[in-house]
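Colleague: Only the shape, not the letters, is given here:
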């Protein structure tokens with residue numbers, strides 16, 4: 001596929017009922033106007049978003065789209081108040097009472113749903129991971145810039161007050177020079193989710209719509225609701241499911257834009273089911289300009305000593321952070337000579353001699369324990385930030401640029417794992433260097449008829 005082409009009014013032609021008049025692209029809500037919300041997806045996270053938006057006194061719950069009839073009925077029953085239900089999101093996008101759309105579907109749908117919403121004049125709150133492959137992020141930025149819409153990515157931790165405090169600590173030099181970041185996840189789900197036979201899709205599920213732009217395959221319950229995460233066709237496994245949250249914070253704290261190289265190794269080695277994303281994965285990203293190295297560990301069949309979480313290591317100490325709070329661990333001030341091991345009272349001739357220390361050892365910085373984090377609050381504040389951006393037209397805290405950069409970070413590691421080799425990358429041009437096979441994997445084709453929707457957005461041949 002080629003890169004996005006210039007757009008004008010004719011670009012957003014009505015293909016399967018997706019485009020509205022160009023005048024609606026410029027609609028701006030006043031500070032006191034209510035925001036009409038439409039939703040695509042009512043699963044685990046989709047339900048959370050519906051609850052949070054419904055609690056707002058400045059929001060109208062206008063519409064819901066869901067490919068699962070039972071979930072659609074549940075959503076409409078909970079929302080009440082005349083909320084309209086749709087099985088096809090394109091019909092909802094035609095509803096001019098919908099000012100903004102919240103997208104919480106399988107990952108492979110995120111980018112196209114968001115771009116088509118922007119083309120229809122809607123602002124967008126889209127769940128992470130933002131994309132399924134690297135080039136989708138650049139397409140989204142192009143459509144955003146042409147339609148002037150607001151896009152918030154569902155990396156809710158950025159709205160947590162304790163995350164903001166930790167960011168200020170690091171920026172103030174509390175940890176000294178931060179040079180290493182470690183993140184990861186761990187659990188044990190042995191033996192896996194099973195391997196049932198394929199079958200006809202149940203009558204309550206629109207399988208064609210659920211598959212969307214991904215390659216069509218026969219229905220299997222372990223490829224559908226929730227389990228899409230374990231297939232390359234729809235997701236990037238735990239790297240993009242959980243890793244995007246951790247690396248989003250790392251990029252935000254340190255002002256990173258993208259790695260220069262990545263190496264990842266692992267596979268689906270121990271689970272016995274239909275999935276193909278890794279159940280064990282190690283990854284290393286290199287940031288030579290910033291002098292930072294970042295690592296990831298995921299174990300799906302061994303919890304061991306627990307999930308690595310997210311930790312930052314600097315020359316004065318370390319900081320570990322999660323949704324419930326953070327802790328810093330200051331390093332002691334120790335004369336370098338006194339760190340050399342010895343087995344007698346001194347060193348052999350010519351060895352390093354210990355130096356005398358006066359009084360107790362001090363620390364390079366202060367230890368801090370902040371246990372104020374509240375994940376529920378983070379979701380609510382993220383919704384508030386989005387609605388404020390819709391009215392002000394300012395950038396939200398988790399803007400499209402950040403979502404694209406962090407998603408690309410994760411996708412590059414998965415490409416390295418799948419190709420079993422180190423990849424070099426230019427974050428400015430967003431190109432893989434010196435590896436034609438890997439470079440071709442930065443983009444994937446959309447299945448018909450969704451490829452036509454992509455072309456209607458000014459993207460593709």
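Modeller: Good, I have the coordinates. All values reported here derive from a predicted model rather than from experimental measurement.
Colleague: Once you drop chain neighbours, what's closest to residue 437?
Modeller: In this structure, residue 437 finds its nearest non-sequential neighbour in residue 419, 6.8 Å apart by Cβ to Cβ, 6 or more residues apart in numbering. (C-beta placed from N, C-alpha, C; glycine too.)
Colleague: Residues contacting the helix or strand hosting residue 38, please?
Modeller: Per DSSP states H and E: residue 38 is located in strand 35-40. Residues outside strand 35-40 that contact it (Cβ atoms under 8 Å, 6 or more residues apart in numbering) are 29, 46, 49-50, 53, 58-66, 75, 89, 92-93, 95, 97-105, 109, 113, 122, 387, 390-391.
Colleague: on that earlier part again, what residues does the residue nearest to residue 437 make contact with?
Modeller: Contacts of residue 419 (Cβ under 8 Å, 6+ apart): 435, 437, 438, 441.
Colleague: For ChimeraX, what selects the buried ones among the contacts of strand 35-40?
Modeller: Applied in ChimeraX, the following selects the buried portion of the contacts of strand 35-40 according to 16 or more other Cβ atoms under 10 Å:
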select :29,46,49,50,53,59,60,61,62,63,64,65,66,75,89,92,93,95,98,99,100,101,102,103,104,105,109,113,122,387,390,391
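Colleague: out of the contacts of strand 35-40, which are inside strands?
Modeller: 59, 60, 61, 62, 63, 64, 65, 100, 101, 102, 103 (DSSP state E).
Colleague: ok so, going back, among the contacts of residue 419, name the ones in helices.
Modeller: Among the contacts of residue 419, the ones falling in helices (DSSP state H) are 437, 438.
Colleague: Would you mind checking the contacts of residue 419 for buried ones?
Modeller: Applying 16+ other Cβ under 10 Å to those flags 435, 438, 441 as buried.
Colleague: Look up phi and psi at the spatially closest residue to the first one that is not a sequence neighbour.
Modeller: Taking Cβ to Cβ, 6+ apart, and ignoring the residues beside it in sequence, residue 435 has residue 423 as its nearest neighbour in space, at 6.2 Å. When quoted as degrees, to the nearest 10, the phi and psi of residue 423 stand at phi -120, psi 140.
Colleague: right, and residue 423 touches residue 414 too?
Modeller: No. Using Cβ atoms under 8 Å, residue 423 is not in contact with residue 414, being 10.5 Å away.
Colleague: okay, those two: which has more neighbours?
Modeller: Using other Cβ atoms under 10 Å, the more surrounded residue of residue 423 and residue 414 is residue 414, with 25 against 22.
Colleague: right, and the more buried one touches residue 239 too?
Modeller: Yes. Taking Cβ under 8 Å as the definition, residue 414 is a contact partner of residue 239 at 5.6 Å.
Colleague: Report the spatially nearest residue to residue 58, omitting neighbours in sequence.
Modeller: Using Cβ to Cβ, 6+ apart and skipping residues adjacent in sequence, the residue nearest residue 58 is residue 34, 5.6 Å away.
Colleague: do you know how far that neighbour is from residue 80?
Modeller: Counting by Cβ to Cβ, to the nearest Å, the separation of residue 34 from residue 80 is 17 Å.
Colleague: Looking at the two, which has the bigger crowd around it?
Modeller: Using other Cβ under 10 Å as the criterion, residue 34 and residue 80 rank with residue 34 on top: 14 against 9.
Colleague: any idea where the helices of the stretch 151-300 of the chain begin and end?
Modeller: Using DSSP state H, counting those that start in this stretch, the helices of the stretch 151-300 of the chain run over residues 161-171, 207-211, 237-241, 243-254.
Colleague: can I get those in CSV with mean neighbour count?
Modeller: Listed next are those as CSV, based on neighbours: other Cβ atoms under 10 Å:
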stretch, mean neighbour count
helix 161-171, 17
helix 207-211, 18
helix 237-241, 24
helix 243-254, 23
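Colleague: just so I know, which of those lies nearest residue 335?
Modeller: Closest approach to residue 335 among those (Cβ to Cβ): helix 161-171, 26.7 Å.
Colleague: Packing partners of the closest one?
Modeller: When contacts are defined as 3 or more Cβ pairs under 8 Å, 6 or more residues apart in numbering; DSSP states H and E, helix 161-171 packs onto helix 243-254, strand 317-322, strand 325-330, strand 369-370, helix 375-392.
Colleague: right, and the ones you listed - which one's nearest residue 301?
Modeller: Using Cβ to Cβ, the helices and strands packed on helix 161-171 put helix 243-254 closest to residue 301, at 17.8 Å.
Colleague: which residues are contacting that closest one?
Modeller: Counting by Cβ under 8 Å, 6+ apart, 128-130, 155, 157-158, 163, 166-167, 170-171, 178, 181, 183-185, 256-257, 290, 292, 294, 296, 298, 309-310, 312, 321, 398, 402-403, 405-407, 409-410, 413 sit against helix 243-254.
Colleague: my guess is residue 126 meets residue 149, correct?
Modeller: No. Assessed by Cβ under 8 Å, residue 126 is found out of contact with residue 149, at 11.1 Å.
Colleague: More neighbours: which of the two?
Modeller: Counted by other Cβ under 10 Å, residue 126 and residue 149 do not tie: residue 126 has more neighbours, with 28 against 24.
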